[in-house]
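*Asks:* Sequence first, then the predicted structure:
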Amino acid sequence: MMRLLLSVISFYQRTIAIRISMWVVLYTFYTALVVWLDSHYITQHLNVPGEMHTVLGASLGLFLVFRTNTAYDRWWEARKLWGSLVNEIRDFTIKVEHMVKVPAAERNYIPDLLIAFAWALKEHLRFGVRLQDVYPPAVTPQNAQIQHVPAYLTHLVYQQLAAWQNASKIDRFDYMMLDLHANQLMQICGACERIRKTQLSRSYLWFIRQAIVFYLLSLPWGLISEFHWWTVLACALAGYFMIGTEVIAEEVEEPFGTSDDDIRTDDITRTIERSTREIVAFCASDEMLAAKA
Amino acid sequence: MMRLLLSVISFYQRTIAIRISMWVVLYTFYTALVVWLDSHYITQHLNVPGEMHTVLGASLGLFLVFRTNTAYDRWWEARKLWGSLVNEIRDFTIKVEHMVKVPAAERNYIPDLLIAFAWALKEHLRFGVRLQDVYPPAVTPQNAQIQHVPAYLTHLVYQQLAAWQNASKIDRFDYMMLDLHANQLMQICGACERIRKTQLSRSYLWFIRQAIVFYLLSLPWGLISEFHWWTVLACALAGYFMIGTEVIAEEVEEPFGTSDDDIRTDDITRTIERSTREIVAFCASDEMLAAKA
Amino acid sequence: MMRLLLSVISFYQRTIAIRISMWVVLYTFYTALVVWLDSHYITQHLNVPGEMHTVLGASLGLFLVFRTNTAYDRWWEARKLWGSLVNEIRDFTIKVEHMVKVPAAERNYIPDLLIAFAWALKEHLRFGVRLQDVYPPAVTPQNAQIQHVPAYLTHLVYQQLAAWQNASKIDRFDYMMLDLHANQLMQICGACERIRKTQLSRSYLWFIRQAIVFYLLSLPWGLISEFHWWTVLACALAGYFMIGTEVIAEEVEEPFGTSDDDIRTDDITRTIERSTREIVAFCASDEMLAAKA
Amino acid sequence: MMRLLLSVISFYQRTIAIRISMWVVLYTFYTALVVWLDSHYITQHLNVPGEMHTVLGASLGLFLVFRTNTAYDRWWEARKLWGSLVNEIRDFTIKVEHMVKVPAAERNYIPDLLIAFAWALKEHLRFGVRLQDVYPPAVTPQNAQIQHVPAYLTHLVYQQLAAWQNASKIDRFDYMMLDLHANQLMQICGACERIRKTQLSRSYLWFIRQAIVFYLLSLPWGLISEFHWWTVLACALAGYFMIGTEVIAEEVEEPFGTSDDDIRTDDITRTIERSTREIVAFCASDEMLAAKA
Amino acid sequence: MMRLLLSVISFYQRTIAIRISMWVVLYTFYTALVVWLDSHYITQHLNVPGEMHTVLGASLGLFLVFRTNTAYDRWWEARKLWGSLVNEIRDFTIKVEHMVKVPAAERNYIPDLLIAFAWALKEHLRFGVRLQDVYPPAVTPQNAQIQHVPAYLTHLVYQQLAAWQNASKIDRFDYMMLDLHANQLMQICGACERIRKTQLSRSYLWFIRQAIVFYLLSLPWGLISEFHWWTVLACALAGYFMIGTEVIAEEVEEPFGTSDDDIRTDDITRTIERSTREIVAFCASDEMLAAKA
């Protein structure tokens, strides 16, 4: 319990905590200034009733929940996409191992490409990626400048499937069942790109921010007549709440970075690699066993 | 931080900002008039309690969130549809490159049609489009007056697939796997048309607008006894919030235009074109390489 | 702007406006009676605090939003179903035109059936339909009394597909790809029937209505001590809001009628007809062109 | 209008109305007791401010909406599943009639099984069902004690499909297209079982109930200083609202019973039977017509 | 009714009840301390208005509902996944029994593997599982250390399917129809792993907790001037509500454990086993019957 309490206060997402704190401190100075001005210079006529802020605060709360929901939905959709990438690659690998009638070494070209695809997609969604960083064996002078590396790797997958089919290593039904998973690669990649490139409609974004700014700037004037110096604390609390919601939403709605709040795509990619290698290993081992028998 | 603060105040979606401001200014005049009337002529008997507006305001807030949610859902659904258009076209292109056993030049007819389809759909959802503007090579005297250009391009895709099949360039399995993506063209087009042509049920639309009008017109009378001249500021704030929500929702729920809030269909179409061309290029280059080897 | 303002006040869904107004007027009489009684006869002891109505009003607001959401979801789901009917029929028509190796005249039997299906479904969801009203050519003495006309038309579609297959005009793959769209006809029809026949769970319906009635009947007693004659106006506003929400929800949750709030199934059906005819036309024209070449 | 008003007061779901009333009456006695105690014995020191109950009431309202939403979602999902059962059975029947090349009498074994499946599923979701009650022809000494009748009927469907295939009455493509619908039988059955067997997470259930109990027990103490004897009425109203929401949610979240709030599975099953029989009838009649021609 | 009332107070999820109580008791001590301090030492200047806590409480309520919703959605998605595991295994078993032309004893290898898969998945989502605990017959020296047992069992399923196909016991269509269900095994497993490994975005988690802590710590200071010693009771009630929501959400969002709130995966697995065994039994019995006839 003590541990939890401490972590509540200190542990926290560092960069976000800094951004939130900075804004809250700034805002606290502003409210302190307002209260000081009010108590020294403007002695009688500034007496805004606080009622208005109650209603507006409730409405703004609803909009912050809307903001939080949409940001979280993007984040969770992105997580689902990476989850289904894991599934598709596992299924694809298992099927390749059992369907393609070629030596294990040749067969494993596909699992290798799939692992490279996962690494490439992860980087592609951050700052871009070059083919030599994720799958050096495939580098030729022609493709060194390829822009869309995940698409290129998908092309290599289909090229291999086509080659195996022409060599009668797989038949049309195998092709169809493998295609089920292969065409998901581009679907997942495209959906991730959509999340990465599309923000919440700009007008909503600015409108919500502006509403927060208007609300917080006017809040001390509404509380001062009743709260006096407590205005500073009350405003700091309200400001912390609103600014925090907005800053976290901004962070969460871009889920492919490297901060603590982002999806652990590094971990997931490693899981894909480990899990794919294990499948390949036990398929090979069982095949040898069956060959001996 | 200074930069953000400035942008909060100035940057903002221009036309929307103008529409919102216009209405808010108008409403502010109205409240000023009410306060002036009240303080000069109607000295005692107009004393409406403000409590009612608190409850109604909360309820109206809930409806504005409902409005915002439905508008945003339409916008996001439209974005998803364009995202899946990108995916389908990429998958379709990769498959055509690897499945169809004809020279690259002939094969590229399909990618060309798909790019034209994206351009045509974009314009079709705005002010309509003529075939000669998106795919001049296919223009004949007969089809110059075609109404539904995306449907016509889809027909050309199926015509080509049928031709290749009759010439045994693809077999039935290829046809089936290509059809998976080809039949999505009309599905996406139809879903976009649905979003474009269907408004939120008219009664809700008018009911929400009327409720806002009633609320805002009666609001100054409810605040005046307690707020006096501050009524103008409080009403301006409330009016800004409600009118802004409604105006933005109206803008966002029609996502296929050219304003800043609309989906960047121009950019997405260019992405489709660039990405499709790149896939065609590296498939051709790898094919030559394989041919030499 | 003047135009919009006018339309806000006047344009409005007529029958709904009448139903809402009628109830609001009735309720206004009741509140006026309460206030009159209170001010003339019950001089001191009726002094209910208004606080309770604030909380209950907020809770009721949440339930009205729940009601609005479920009504709107039904409406939007119905709209999506009709949208996908458009898509399926277009895809089906394009495929029939390119897959079936029979003269155009014979091929067009399917598009004709599909158009008839759309008309039949539209009427079936209203007051029922007879086969002779939508597809006279198929009427025989045996089927004149058919109850479920959309099912019968679907049967005719499958009958034709079976016939073409037996005559080797389409092969098994064509059949499968056409079946993809043909089996959607009954799926869409069944889903529309579900929406039409199922109301929101009865208990919720009556509970929400009863809660509105209890709330509105007790509201004037809660406001009177503070609002006096303003009670009438405040109650009228609250009543307008609650009754309006309920009446519109009732209207919107039955989306297949002919009122302004219902889905424009007439328009959609006409779009299906026009669009299908255009596809048939340009397929025929391009086929002739190809035949000449 | 008079009719509607009357029905609001009287019509109402009987057993639920009784349960709600019983609890509300009990609670009213409690509040009356509290007020009586307060006014006779505890003359000065019990003076809890009512403010707390306003905030807690709003929060509790949010949770009741959460409760209502989840209950309704289960109900609507169950309704959708039965709707899709109708669709799958119709599509299955039409396809069997047109694909299977055997005499009508033999073919109709499948529609008979599907109708029996619907009846069996309905009872299976209530108190269990025995095979002899839904499909006597299939009863043998071995299967008289079958526990899972819907699974057994699905097995019979697949057995018949396998038999027809072995006798070359259907080919592999027919089998695949029929399997599309046949495998939905178990999917729908399993999804309905899931809804029937899973409650909302127990902790939420008890937490919400406990929160209601705490709230209602403490409510009169919070209102009494301001409301006096009106406390009884105000509490009765609040109690009616909260208890009603909870009781209805409990009723609605178990949608497969026989009360008025449950899904009309009896009606839907009859619709399935009637509609399937009609499809069989007009397929047979049209086949004879075609045979003569 | 008495029974229900008792259970409301006592029955309750034990460990959760203890955690909630512990925190609430701790918090009650804190508020008592505050009130005692206030009434003895700080006689005049601490007079924070309670209004702020009303608005903040409502906003926090919205966030707690957001928290509850996301926790519940994870729980319900997990329940759906296990429900579809039941469906897929039943369908898979029925199909294997009717499609594979081998003696019953050999055929039953697949149902055995599927039952083992369900047991393995259940344990895999808790503390890991070893192959010898769920399917001893398959243990070999090579696979004793397998990490991902569900993937290994899926591999065995595909290995058997491949073996049967090579021996012409099933054809390509059978393979495709069986693959429909087989590839769901890894999809369900991956989706469960996603739910198990991903928490709500950390920032939200800490932000909501911090907001609760700030709110509850400041709450007594806001109530004390008006509530005096009642502050303790009011805070305990508010604390119970907020802490309870958070603690339950933490419990519910990890749905694969063994506590009462978790999904009854043990029961579901037993249902899968019983139901699969029954299907195998009646398929075998009916087959013998058919063989005799």
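*Replies:* Looks like it arrived, so ask away. What you see is a predicted model; the values in this text were computed from it and never measured. Residues are numbered from 1 along each chain as shown, chains lettered A, B, ... in the order given.
*Asks:* Tell me which residue is most central in chain A.
*Replies:* What sits nearest the mean C-alpha location of chain A, by C-alpha atoms, centre = their mean, is residue A:255, with 1.5 Å.
*Asks:* pretty sure that residue is touching residue A:82, no?
*Replies:* No: judged on C-beta atoms under 8 Å, residue A:255 makes no contact with residue A:82 at a distance of 9.3 Å. From N, CA and C alone the C-beta is placed, and that goes for glycine too.
*Asks:* what do those two both touch?
*Replies:* Both residue A:255 and residue A:82 are contacted by residue A:263, under the criterion C-beta atoms under 8 Å, 6 or more residues apart in numbering or on different chains.
*Asks:* Show me the shaky parts of the stretch 1-150 of chain A.
*Replies:* A:1-15, A:42-52, A:55 (pLDDT under 70).
*Asks:* Can you show me the helices along it?
*Replies:* Listed in chain order, the helices of the stretch 1-150 of chain A (DSSP state H, counting those that start in this stretch) span residues A:2-10, A:14-40, A:51-99, A:104-107, A:109-124, A:131-134, A:149-166.
*Asks:* Distance from the fourth one to the middle of the chain?
*Replies:* What that stands for is helix A:104-107. Distance, stretch centre to chain centre, for helix A:104-107: 35 Å (C-alpha atoms, centre = their mean, to the nearest Å).
*Asks:* Can it be said to contact chain E?
*Replies:* No: Helix A:104-107 lies out of reach of chain E by C-beta under 8 Å from any C-beta of the partner chain, never closer than 13.0 Å.
*Asks:* outside of that helix, which residues touch it?
*Replies:* Everything outside helix A:104-107 that qualifies as a contact, by C-beta under 8 Å, 6+ apart, is A:96-97, A:100, A:280, A:283-284, A:287.
*Asks:* can you rerun that using 7 Å?
*Replies:* For helix A:104-107, the external contacting residues (C-beta atoms under 7 Å, 6 or more residues apart in numbering or on different chains) are A:96-97, A:100, A:284, A:287.
*Asks:* Around chain E, pick out the residues from the stretch 1-150 of chain A.
*Replies:* Proximity of the stretch 1-150 of chain A to chain E, by C-beta under 7 Å from any C-beta of the partner chain, involves residues A:8, A:12-13, A:16, A:50, A:54, A:57-58, A:61-62, A:65, A:68-69, A:72, A:75, A:79, A:83, A:86-87, A:90-91, A:94-95, A:98.
*Asks:* Please compute how far stretch A:177-193 lies from its chain's middle.
*Replies:* Relative to its chain's centre, stretch A:177-193 lies at 19 Å (C-alpha atoms, centre = their mean).
*Asks:* Next one: that stretch, is it in contact with chain D?
*Replies:* No: on the criterion C-beta under 7 Å from any C-beta, stretch A:177-193 is out of touch with chain D, staying 13.3 Å away.
*Asks:* any bit of that stretch sitting next to chain E?
*Replies:* Yes: counting by C-beta under 7 Å from any C-beta, chain E is contacted by stretch A:177-193 at residue A:177.
*Asks:* do that stretch and chain B meet at all?
*Replies:* Yes: Stretch A:177-193 reaches chain B (C-beta under 7 Å from any C-beta) through A:179, A:183, A:186-187, A:190-191.
*Asks:* What of stretch A:196-210?
*Replies:* Yes: using C-beta under 7 Å from any C-beta, we find that stretch A:196-210 touches chain B at A:198, A:201-204, A:206-207, A:209-210.
*Asks:* how about JSON lines for those residues, with pLDDT added?
*Replies:* Shown next, in JSON lines, are the residues of stretch A:196-210 next to chain B (pLDDT from 0 to 100):
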{"residue": "A:198", "pLDDT": "85"}
{"residue": "A:201", "pLDDT": "75"}
{"residue": "A:202", "pLDDT": "75"}
{"residue": "A:203", "pLDDT": "78"}
{"residue": "A:204", "pLDDT": "83"}
{"residue": "A:206", "pLDDT": "82"}
{"residue": "A:207", "pLDDT": "84"}
{"residue": "A:209", "pLDDT": "87"}
{"residue": "A:210", "pLDDT": "85"}
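*Asks:* Can you flag which of the residues you listed belong to helices?
*Replies:* Of the residues of stretch A:196-210 next to chain B, the ones assigned to helices by DSSP state H are A:202-204, A:206-207, A:209-210.
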